[in-house]
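In: Build the 3D model from these lines:
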Amino acid sequence: MAPTLLVGSCEPFSGKSAVVLGLARQLRARGIEVRFGKPLATSLETDAPPPPGEPLVDADVRFVGTTLGLAEDQLIPSLDALDPALARARLLEGRLEPGPGFAALRQQLEQAPDGMALLEAAGSLHEGLLYGLSLPQLARGLDAPVLLVQPWADSRSVDSLLAARAELGDHLVGVVLNAVNPDAVPQLREDTVPALEQLGISVLGVMPRSPLLRSVTVEELARRLGAQVLCCRDRLDLLVETLSIGAMNVNSAMEFFRRRRNMAVVTGADRTDIQLAALEASTQCLILTGAGDPLPQLLTRAEELEVPLLKVEHDTLTTVEVIEQAFGHVRLHEAVKATYAFRLVEEHCDFGRLFTRLQLPAMSL
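Out: All right, here's what the predicted structure looks like:
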């Protein structure tokens, strides 16, 4: 059986896809061909699963495959989809087993040519239990080692890792601590990582929090807000890293805006002074709330600077809540994020012990 590695997490949006990209790149640098898939699809390419008989390829799998230049036969189709209708059907029928597709997947992995299969589990440790495809079930069913990606806020974050270790047992081969406060990384490496190692948790990487990887496109914000796009539709791929609220006087706003980068600025439709000040700063989009239409000179200036203007029906508080929920909760589907993920993993992860456990050949010099 070709080596198979499960990449999982204890909670959604932990950074699994970023680690998969960086890990796959290192494997290929060793001359090891990579195949990639998600047994349980969590990001469908369309609003509904494909018709029976057609392969189910998760959108994340498609993006990783395109980014790495994988051939179609290197993408492993999903066995099922985390879809409300499918979940309801399973629940009502009382079906908790993965079905014949799981045995076929195991056989496929056993008969695979030389190389490495990377399988990304669902969002959390237990997501997929209804399908028989949770991370612990996959680890036991495939007898595969598990690499966990865990966001780290402070020492209380260890609870999730301890629970995962208890449930996964010897299948857990290591963890990557992600989204760490950059200022906390040196101290974490000095004392926390050795403490975790003493607890039997092998730490293979400590990755600092990245505003870029947590960023969201203007298009995604417009979708979540149900916003009307007033101009610059061809610039909706801009990435928003921070949020600013234009509710102060214009002098204070200008000083505040100068300290921020790649902002979405939320302000009232009647605050033309704030709106014009925001356009002169590092603003990726301007979001107008409340009644009224923007002045023609604002639209003209926004078009000159190629800054999308969005108009929403929500009040400012609701708009801010929607945007804050978006940060860090979108999928890694932009090329610039993928490029940064490669570098982040290369600089902050050491998979030497993992490669030894998987009995992979050493990198040729």
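
In: Tell me the bridge partners for the residue nearest to residue 271 when sequence neighbours are not counted.
Out: With sequence-adjacent residues excluded and distances taken as C-beta to C-beta, 6 or more residues apart in numbering, residue 271 is closest to residue 246, at 6.0 Å. C-beta here means a position set from N, CA and C on the backbone, and glycine is covered the same way. Residue 246 has these beta-bridge partners by DSSP bridges: residue 267.

In: How about the contacts made by residue 246?
Out: Neighbouring residues of residue 246 by C-beta atoms under 8 Å, 6 or more residues apart in numbering: 253, 265-268, 271, 274-275, 277-278.

In: Please report how far it lies from residue 288.
Out: Look at residue 246 and residue 288: by C-beta to C-beta, to the nearest Å, they are 10 Å apart.

In: need the helices for the stretch 201-350 of the chain, in chain order.
Out: Ranges of helices within the stretch 201-350 of the chain are 211-214, 218-225, 250-258, 272-279, 296-305, 316-326, 335-348, based on DSSP state H, counting those that start in this stretch.

In: before we move on, the earlier item: check what pLDDT the residue nearest to residue 271 gets.
Out: With respect to pLDDT, residue 246 scores 75.

In: hey, C-alpha coordinates of stretch 170-181 in PDB?
Out: Extracted in PDB, the C-alpha atoms of stretch 170-181 (Å, rounded to 0.1, in the frame of the first residue of the first chain):
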ATOM      1  CA  ASP A 170      -0.900   5.900  17.900                       C
ATOM      2  CA  HIS A 171      -2.400   7.200  14.600                       C
ATOM      3  CA  LEU A 172      -1.500  10.700  15.700                       C
ATOM      4  CA  VAL A 173       2.000  11.400  14.400                       C
ATOM      5  CA  GLY A 174       2.300  15.100  14.800                       C
ATOM      6  CA  VAL A 175       0.700  18.500  15.000                       C
ATOM      7  CA  VAL A 176       1.300  21.900  13.400                       C
ATOM      8  CA  LEU A 177       0.300  24.800  15.600                       C
ATOM      9  CA  ASN A 178      -1.200  27.500  13.400                       C
ATOM     10  CA  ALA A 179      -2.300  31.100  13.600                       C
ATOM     11  CA  VAL A 180       0.000  31.800  16.500                       C
ATOM     12  CA  ASN A 181       0.400  35.500  17.600                       C
END
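
In: contact partners of that stretch?
Out: Identification of contacts with stretch 170-181 by C-beta under 8 Å, 6+ apart yields 6, 14-15, 18-19, 136, 139-140, 143-152, 157, 161, 164-165, 188, 196, 201-210, 214, 328, 349, 353-354, 357.

In: what do you get if the cut-off is 7 Å, keeping everything else the same?
Out: 14-15, 19, 139, 144-152, 161, 164-165, 188, 201-209, 349, 353-354, 357 (C-beta atoms under 7 Å, 6 or more residues apart in numbering).

In: possible to save the contacts of residue 246 as CSV with neighbour count?
Out: As requested, the contacts of residue 246 are arranged in CSV below (neighbours: other C-beta atoms under 10 Å):
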residue, neighbour count
253, 23
265, 27
266, 27
267, 25
268, 17
271, 19
274, 25
275, 26
277, 23
278, 28
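
In: can you tell me which of those lies nearest to residue 105?
Out: residue 266 (45.9 Å; C-beta to C-beta).

In: any weak-confidence spans in the stretch 51-200 of the chain?
Out: Along the stretch 51-200 of the chain, the parts satisfying pLDDT under 70 run over 51-53.

In: sorry, back to before: residues shared between the contacts of residue 246 and residue 288?
Out: Here residue 246 and residue 288 have residue 267 as joint contacts, going by C-beta under 7 Å, 6+ apart.

In: And the helices in the stretch 51-200 of the chain, which stretches?
Out: Per DSSP H, counting those that start in this stretch, the stretch 51-200 of the chain carries helices over the ranges 59-68, 84-93, 100-110, 135-142, 158-168, 185-187, 193-198.

In: Among those, show me which one is buried the most.
Out: helix 135-142 (a mean of 21; mean count of other C-beta atoms under 10 Å).

In: quick check: angle from that one to helix 158-168?
Out: Helix 135-142 runs at 30 degrees relative to helix 158-168, counting by axes from the mean of the first three to the mean of the last three C-alpha atoms, to 10 degrees.

In: need the helices of the stretch 201-350 of the chain in JSON lines with distance to residue 104 and mean pLDDT, can you?
Out: Below are the helices of the stretch 201-350 of the chain laid out as JSON lines (distance: least, C-beta to C-beta, whole Å; pLDDT from 0 to 100):
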{"stretch": "helix 211-214", "distance to residue 104": "34", "mean pLDDT": "90"}
{"stretch": "helix 218-225", "distance to residue 104": "35", "mean pLDDT": "95"}
{"stretch": "helix 250-258", "distance to residue 104": "56", "mean pLDDT": "72"}
{"stretch": "helix 272-279", "distance to residue 104": "55", "mean pLDDT": "88"}
{"stretch": "helix 296-305", "distance to residue 104": "54", "mean pLDDT": "94"}
{"stretch": "helix 316-326", "distance to residue 104": "37", "mean pLDDT": "91"}
{"stretch": "helix 335-348", "distance to residue 104": "30", "mean pLDDT": "94"}
